[in-house]
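1. sharing a sequence plus its predicted fold:
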Amino acid sequence: MLRPPGKRWHWSCLWAVLAAALALLLGRLPFLHTIELKTLDARFRAFPARKAARSDIVVIVVDEESVQRLQAILGRWPWPRDAYGLMLDYLRAGGPRLVAFDILFAEPHLERREGDRAFAEAIAKAGNVYLAAVFHRQAVEREKASAASGALDLRAVQPPLTPARYEGITLPLPELLAAAKGIGGISVDPDEDGILRRVPTTFAYQGRLYPSLSLAAAIADGTVSPAGVRATDVQNRRGVVPLDDDGMMLLRWRGGAQTFAYVQAWRVLRSYGQIVRGETPEIPPETFRNKIIFIGATVSGAFEFRSTPFSRVFPAVEVNAAALDTLSAGDAVRRLPEPGGALLTVGIAAATGLVAGFFPTLLGIPAAFLGMALVQVAAAFWAFGSRHLWLDLVAPSGGLTLGLVAVLLDHYLVEGRARRQLKRMFGQYVSDAVLEELLADPGKLALGGTRREVTILFSDIRGFTATSEKLDPGTVMGALNTYLSRMAEIILRHGGTLDKYIGDGIMAFFGAPIATPDHPSRAVRAALEMLAAVEGLQEDWRRQTGVPLRIGVGINTGEVLVGNVGSEQKKEYTIIGDPVNLASRLEGLNKEHRTQILVSGATRQRVDGAGIEWREIGGVKIRGREEEVHIYEPSTKAATIQMGTG
């Protein structure tokens, strides 16, 4: 059935909400989660962090150029450890806050083991060096658990809600570990698509919790206290950094590689040599005063690169710098937590379904969904850029897409079928304007039957039956069809409904299916225009039939039963009641009174008289009725016949 406007939005909302629920379920699929992450990358690139990267973080890298320039002195990669000792001595002269190595020194150097001892001495002298450790999901062949003393763990830190368990650890050489201020984990796991977006803040191993290298630096720097590391977030001096259930932190990227101060290792070592030779160093030690220094390697064979939203080749050492920057800044990105995300998805779908319910067309429905999709995407990007809030895009967009399909299918299968049935039922009986009004608001149509006041019009051609028997059937049908088409056009233009053709007669009514208060005036004006149109058809009619064209019209107003009447095989929208019979009788009385239009008193009282002249015929007896019926003959000037066509 065709739903009234007040009910359409119920169904469109229902389908849209069900589609959103399905989208939420499908959103758990890995490939859709990956798509959501890709939209997050796009937001990171579209809205780089407004705050600049920390100026007190310096990244020193052992790159290809450093290895090549110092190969004659230090040999091939990996360098002997005393090279790092010299670097630490030079940095110590500048007075950095701390130095963190993103290089794992797990094995003695194969050629210059004495360099390991020199490096350990330099670490001890510096007193602020943190070394890297690698945590493994599975046990490793040679664990050094005993070396991970209680002094290195974070007993005051709250563990994540569902911490990842690590079964193995690779630590620095014992002599290096003993000299270091602490260790930090550098193990990271990229997302399913290979992109690194999150890093762990802690590692659970053998009942203890160990910091990541960036968290160790943040605690040493005073940016974060151990008590500030909680199960769901990390509190710093500027705000809160949210963590997921696994204790993972979403990195706040501030750009691509070399976002932080970037120094090549060979330049530091050359500056050390220049001071030894009494020369002015290229990079003075004071450059590193009060700085936080991360040292890492990007040389081939170190495999210290990660894929990030900004680059497929991103130095791993800069990941630690970005993590420290995220821990200390106040603009960390937070994701709308559940059930907020689900409610947002359902809410967007419901709102779109509501809007689509008031524009139930093949253009209106897609426009509503597309418009809401654009608003949703714009809102998600605005929320990210202005409020550092990650609103899901895939689930709501998927809900809108599925909702669009569902609502369109519902519109086509239910509403469309009902509209087609209504068009078939009324397309030939009412004007296009009336039909569109019915389609827009089917509540105005009572197919099951209702009582309503209408004005009924009957018309008939005088003497047509006798004339038709003398003429060729083709001539009869041609002339009749021309006449009926012209009369039907006039009736429909005045808002009438064509009930049926009875041979050469026409039955029509005004005031249904669309209620029109001025239906008596519409019927009378239609009849007057029909008479005027007959004059225009006279010449062709005489040529085809050999007789003049004369018609009689009867009009009456009264309460009738309106609705669908018929069998299961065929139904028609019609009216039933005594006022119908009276209108038919009035049409026949035109012969007795030598008139062309007769109108009952019930109709005459309701007609706006502007432009219409009336002649009272008087009271007449109608067979089957006890009371007389007062009848009138309307007439008008030709210039005013088409007035009030409505």
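-> In hand now; what should we look at? Numbers count the residues shown, from 1 in each chain.

2. now L209: which helix or strand?
-> Using DSSP states H and E, L209 sits in strand 208-211.

3. what packs against whatever helix or strand comes next after that strand?
-> On the C-terminal side of strand 208-211, the closest following helix or strand by DSSP H and E is helix 213-221. Counting contacts by 3 or more Cβ pairs under 8 Å, 6 or more residues apart in numbering; DSSP states H and E, helix 213-221 is packed against strand 98-101, strand 129-136, strand 182-185, strand 292-297, helix 316-328. (Each C-beta comes from the backbone N, C-alpha and C, glycine too.)

4. recalculate using a threshold of 6 Å.
-> When contacts are defined as 3 or more Cβ pairs under 6 Å, 6 or more residues apart in numbering; DSSP states H and E, helix 213-221 packs onto strand 98-101, strand 182-185, helix 316-328.

5. got the CA coordinates for it in CSV?
-> C-alpha atoms of helix 213-221 as CSV (Å, rounded to 0.1, in the frame of the first residue of the first chain):
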residue,chain,number,x,y,z
LEU,A,213,61.9,3.7,25.5
SER,A,214,59.8,6.8,24.9
LEU,A,215,57.9,6.4,28.2
ALA,A,216,61.2,5.8,30.0
ALA,A,217,62.4,9.1,28.5
ALA,A,218,59.2,10.9,29.5
ILE,A,219,59.5,9.7,33.1
ALA,A,220,63.2,10.7,33.2
ASP,A,221,62.3,14.1,31.7
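
6. what about this protein, any weak spots by pLDDT?
-> By pLDDT under 70, the weakly predicted segments of the chain are 1-9, 50, 141-156, 302-304, 360-362, 411-449, 568-571, 637-646.

7. let's see that with 50 instead.
-> Along the chain, the parts satisfying pLDDT under 50 run over 1-3, 5-6, 145-147, 149-152, 444, 638-646.

8. remind me, longest strand of it?
-> The residue-count maximum for a strand in the chain (DSSP state E) belongs to strand 551-566.

9. could you dump that strand to PDB, C-alpha only?
-> Listed next in PDB are the C-alpha coordinates belonging to strand 551-566 (Å, rounded to 0.1, in the frame of the first residue of the first chain):
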ATOM      1  CA  ILE A 551     -25.900  17.300 -25.500                       C
ATOM      2  CA  GLY A 552     -27.800  17.300 -22.200                       C
ATOM      3  CA  VAL A 553     -26.100  17.700 -18.800                       C
ATOM      4  CA  GLY A 554     -27.600  17.000 -15.300                       C
ATOM      5  CA  ILE A 555     -25.800  18.100 -12.100                       C
ATOM      6  CA  ASN A 556     -26.700  17.400  -8.500                       C
ATOM      7  CA  THR A 557     -24.900  17.700  -5.100                       C
ATOM      8  CA  GLY A 558     -25.300  15.300  -2.200                       C
ATOM      9  CA  GLU A 559     -23.600  12.800   0.200                       C
ATOM     10  CA  VAL A 560     -22.600   9.600  -1.400                       C
ATOM     11  CA  LEU A 561     -20.500   6.500  -0.700                       C
ATOM     12  CA  VAL A 562     -17.100   6.800  -2.400                       C
ATOM     13  CA  GLY A 563     -14.600   3.900  -2.800                       C
ATOM     14  CA  ASN A 564     -13.400   0.900  -4.700                       C
ATOM     15  CA  VAL A 565     -16.300  -1.300  -5.900                       C
ATOM     16  CA  GLY A 566     -16.100  -4.500  -7.900                       C
END
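
10. so which bits of it are buried?
-> Going by neighbour count (16 or more other Cβ atoms under 10 Å), the buried part of strand 551-566 is 551-558, 560, 562-563.

11. please apply the same query to stretch 103-113.
-> Neighbour-count burial for stretch 103-113, counted by 16+ other Cβ under 10 Å, picks out 103-106, 109, 112.

12. among the residues you listed, name the ones in strands.
-> Among the buried residues of stretch 103-113, no member is found in strands (DSSP E).

13. from A379, how far out is the residue nearest in space to the middle of the chain?
-> With distances taken as Cα atoms, centre = their mean, A373 lies nearest the centre of the chain, 3.1 Å away. A373 sits 11 Å away from A379, taking Cβ to Cβ, to the nearest Å as the criterion.

14. give me the contacts around whichever helix or strand comes after the longest strand of the chain.
-> Using DSSP H and E, the helix or strand that follows strand 551-566 towards the C-terminus is strand 571-576. Contact with strand 571-576 is made by 499, 509, 560-562, 564-566, as judged by Cβ atoms under 6 Å, 6 or more residues apart in numbering.

15. so can I have CSV of the residues you listed showing distance to P634?
-> Putting these into CSV (distance: Cβ to Cβ, whole Å) gives the following:
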residue, distance to P634
D499, 22
F509, 18
V560, 22
L561, 27
V562, 25
N564, 33
V565, 31
G566, 34
